[in-house]
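Visitor: Only the shape, not the letters, is given here:
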C-alpha cells in the first residue's frame, strides 16, 4: 500500500523525518507504521522539540542521583536532602480533552515523584495557549487549568 503524498504531516512528522523512516525501514512505511512513528516521535512520547533543550542539563555528576530515564530525576542538594524533578508534556491529550488531558499529565508527574520515594511540594506549569480573547484558546486555558 502506498502512502499518499504528505500523509506523514497528518501525524505531525516532517518531510525529513519521513525520509528517515523510509531509510530505516528500507521501504515506504505502511499506514499503521506511519501512525506508530508519528506517536513515538511526538513531543509527548519522544520530546522531539524539548530534547535539544534538555541536553543542556548535566546528567552525570557526583550530585546527580538519578539522571534521565524512567520515573523522575534527582539531585543531591546537601544535608541528606534530594530534589526530584519531572517534566511532562501533555499537549495533544490536553488539546483533545483539556481537563482530563491536563489531569493525567499532572497524575503522571506526581506518580513518578512518589516512585522515587519523594513527596511533591510544588507543581509548576509552563502553559501557552495564544491570545485568550480567542474562544478556543480560552476554552483550553480554562479547562487545562481546571484539570491541573
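Guide: In hand now; what should we look at? Everything quoted here is computed from the prediction, not taken from an experiment.
Visitor: I would like the residues contacting the helix or strand of the chain with the lowest mean pLDDT, please.
Guide: For the chain, scoring each helix and strand by mean pLDDT, DSSP states H and E identifies helix 43-46 as the least confident one, at a mean of 74. Counting contacts by Cβ atoms under 8 Å, 6 or more residues apart in numbering, the residues outside helix 43-46 that touch it are 39, 40, 49, 50, 89, 90, 91, 92, 93. (Each C-beta comes from the backbone N, C-alpha and C, glycine too.)
Visitor: Would you list the buried entries among those residues?
Guide: Neighbour-count burial (16 or more other Cβ atoms under 10 Å) is assigned, among the contacts of helix 43-46, to 89, 90, 93.
Visitor: between these, which is nearest residue 123?
Guide: Taking Cβ to Cβ as the measure, residue 90 is the one of the buried ones among the contacts of helix 43-46 closest to residue 123, at 12.7 Å.
Visitor: any idea how far residue 48 is from the closest one?
Guide: Between residue 90 and residue 48 the distance is 15 Å, computed by Cβ to Cβ, to the nearest Å.
Visitor: Just the buried positions in the helix of greatest length in the chain, please.
Guide: Ranked by residue count, the top helix of the chain under DSSP state H comes out as helix 98-115. Of the residues in helix 98-115, those buried under the neighbour-count criterion (16+ other Cβ under 10 Å) are 98, 99, 101, 102, 103, 104, 105, 106, 109, 110, 112, 113.
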